[in-house]
Structure formats: C-alpha cells, structure tokens
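below is the sequence, then the predicted model.
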Amino acid sequence: MSMEKLSCSESFLKSSKPYFAMISLQFGYAGMNIITKISLNTGMSHYVLVVYRHTIATAVIAPFAFFFERKAQPKITFTIFIQLFILGLLGPVIDQNFYYMGLKYTSPTFSCAMSNMLPAMTFILAVLFRMEMLDVKKLWCQAKIAGTVVTVAGAMLMTIYKGPIVELFWTKHMHQQHATDTTPSSDSKDFLKGSILLIFATLAWASLFVLQAKILKTYSKHQLTLTTLVCFIGTLQAVAVTFVMEHNPSAWRIGWDMNLLAAAYSGIVASSISYYVQGIVMKKRGPVFATAFSPLMMVIVAIMGSFVLAEKIFLGGVIGAVLIVIGLYAVLWGKQKENEVAHCEMLEPTKNIDPSREVVTEDVEANNGTEMKYSDSMLSTIVISTPGSETTLKKTTQEP
C-alpha cells in the first residue's frame, strides 16, 4: 500500500513539474515588470537598460552554448547574418525599447495585458507572409480569426477608453493619498502614447517570431547558440542606438541600486533562465501549453502593482484585458486543433500499410528523423529562441 502511494506521489510530481515551472516563470516575469517600472520611474534610461540587460544575458548564455553546442556549428553565411541582424534589431532594440517606453508611460498591468496580443499579431503576420493558410470552413480557423478580432478589439478598448477607477479593498486609502499627485491632461496624453508604443513593441515581437521560424531550420539543434548570437548582435545595435539617442554620459552610470537590480534581474531571469525553462516545457508539452499561462502574469502584476506602486486599475483596462484573454485562448484553441489535425494527417499513411509486409519499428523522436511542424507562426511568450516541441511518432511492427 505504501509503495502504491509512493508511486502515485512520484507520478503526480512528475506530471506537475511543467505546471510548477510555468507558474514560477510568470512570477519571475511579474517581478521583472515591477522592478523595471520602479527603475524607470527613478530616472533610468531605457536605452541604457536594454544595453545592460542583453550584455548580462549574453554573458550568462554564452558559456552554456559553448559547452553544449560547440560541435557541428552551422556556417554563418551572408543570408544568415542578415537574418541574425534583423532578429537583433527586432528583439533587443525595437521591441525592448518600445516596451520599456510604453511601460514608463502606462503601468505594469496594462503592459502585460497588451503583450497578450502576441499570438494574434503573429497569426496576422503569418497569414500576410503566406506562412499560414486560411481555411474559413474549418472550425479551428474560424476560432483563430474570431480570437484575433476579439484581441484587437480589447486592445483598442484599453487604448481609447479608461473609465472609472476599479477600487480594490486594499487600495482605497492609497488611491486617495496619491489623488493630488497627477494631472488628468498629461496622464491621458502619456497613456495614449504608451498604448501606441506597446502595440508597436508587440508587433516587433511578433515579427521576430515569424522570422525566427525561418532561421530555426538552420539552428534547430543549436538554440542556445542562436540565442547568444541574437543577444550579442542586439547588444551591439543597442549600444549604437544609445550613443545616438542618449547624449548624457551620466546615464551610463550605474551603482548598487535599483537600476543594477533591474538590469541584472531582466538579463538573468527574463532573458536567460526563462529560455531554458520554456525550452524544456515546450519540448515536453508544446508551445500552446507554454503560452496559455501568460494571462496569469497579468493577474500577478496587477496584485503586486497595487501594493508596491499603488497602481490604478481602470474599468476600461479590466474589460479590455478580459477581451484580450478570451481572444488569446480562442487563438490558442484553434492552434491546438490545427496541430491535432496535422498530427492525424501524419499518422494516416501508417494505416494503409500492407500487413503482409514487415515493418521495422522506429522511434522517430529518438532518431530526430521526423518533427511535427506546428506552423511558422510559433506561439510563444519568449523574446528570443526556445527549442521547438517534438511529437513522438511510432510505427507499429507487424509480421505475417
């Protein structure tokens, strides 16, 4: 009896690991948003923060890439270099700078809600570049289209309409205390500007995934190397942009304060540990499973932000966030059904095998011979690369 209980507990722990990992990761992302917001409010330049973040990320990831993936490295041709250059520009430079500017002008909760538009924007870009085909007669395709429309509507609502403040029972006193510190006209202007910046940041992030799907064919077995290269090239680009945009030399100065914590935390947790954890989870459970946890980060940030930053939550933001989450899960559901259909189509030829012939048993995953393709619009909450998921496909052995 005790052995059965032990085996059941071991089985539960093993099956629960992906859930614990993704939930822990959302807390890590939430902490990054709060710490970064505090750092930006104290005067930290977002250009300098991007440089320090990806410098630390490159330094952390590079040793792992060297020790685990130094053999059989892909040759960097001119075409691959251009792709890496654009990835560095889209991710570390455009996406991160626009996101930090949007975060500075709005709030952590609002920024997290807007970032949930990523799967819908990735789907739109994949269709525009003909990397994904539309079949409106299929239910899963209708779900993705409807989810995209609802997501965009939610984002527009959050941008245009603020509405009254939603009071939480622990924030009433804090909101009354900070009521005299703001001017409505300047707040509205900054809010609109921040919303537009966040939309552009998410668009750059989605563009990164569309291009990344192409270059991952070359770096399918060298994801850490790809991440290191993108972070390194992005760091060099961010340095050049910072020299042009930031003319104050003192902006580069950093001490043992919140600015250092923001750079180190973002580089280590959000750009290093997250790649490894998400890579493992996606390999075992797929990208849809990993992406489904992103709304949890928004809830955690809302609670933490109300305590730490006395953040104001508006009715328009709540309604828009709910619409975005509904649209997100509709897109993910459609994506999951599409994957199941593709999986069934891959299995279909095995049903027509002549039983009079001998078929050799082959574990495709073990030999890395066949990989299920989810489509080029990879739905992921990660900024740079994570290993794609594989699906085990086994052929049965029959003898006459």
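Everything's here; your move. Treat the numbers as computed from the prediction; the structure is a model and nothing was measured. Numbers count the residues shown, from 1 in each chain.

remind me which residues of the stretch 151-300 of the chain are low pLDDT?
Within the stretch 151-300 of the chain, the stretches with pLDDT under 70 are 168-187, 279, 283, 286-288.

quick one, helices of it?
Counting by DSSP state H, counting those that start in this stretch, the stretch 151-300 of the chain has helices at residues 172-177, 184-215, 223-245, 258-265, 274-285, 287-291, 294-308.

output the contacting helices and strands for the longest one.
The contact analysis (3 or more C-beta pairs under 8 Å, 6 or more residues apart in numbering; DSSP states H and E) places helix 184-215 against helix 78-88, helix 96-105, helix 108-115, helix 118-128, helix 139-160. C-beta: built from backbone N, CA, C; applies to glycine.

so which bits of it are buried?
191, 194-195, 197-213, 215 (16 or more other C-beta atoms under 10 Å).

for M32, what are its contacts?
265-266, 269-270 (C-beta atoms under 8 Å, 6 or more residues apart in numbering).

so which of these is the most crowded?
The most crowded member of the contacts of M32, judged by other C-beta atoms under 10 Å, is S266 (27 neighbours).

could you say which helix or strand holds the residue nearest to that residue when sequence neighbours are not counted?
Leaving aside its sequence neighbours, S266 sits nearest to R53 (C-beta to C-beta, 6 or more residues apart in numbering; 4.3 Å). Assigned by DSSP states H and E, R53 falls within helix 46-69.

now do P18
In this assignment (DSSP H and E), P18 forms part of helix 2-41.

relative to helix 108-115, how tilted is that helix?
Computed with axes from the mean of the first three to the mean of the last three C-alpha atoms, to 10 degrees, the direction of helix 2-41 lies at 110 degrees from that of helix 108-115.

average pLDDT across helix 2-41?
If you average the pLDDT over helix 2-41, you get 82.

so what's T77 up against?
Per C-beta under 8 Å, 6+ apart, neighbours of T77: none.

which residues does the helix holding R53 contact?
So helix 46-69 is in contact with 36, 39-40, 92-93, 96-97, 100-101, 104, 221-222, 224-225, 227-228, 231-232, 234-235, 238-239, 241-242, 245-246, 251-252, 254, 259, 262-264, 266-268, 270-272, 275, going by C-beta under 8 Å, 6+ apart.

quick check, A310 in a helix?
No - A310: not assigned to a helix; according to DSSP: H, G, I helix; E, B strand; the rest coil it is coil.

touching, L139 and Q336? I think so.
No - with contact defined as C-beta atoms under 8 Å, L139 does not count as touching Q336 (11.9 Å).

give me the more crowded residue out of these two.
Between L139 and Q336, counted using other C-beta under 10 Å, the more crowded position is Q336 (19 against 10).
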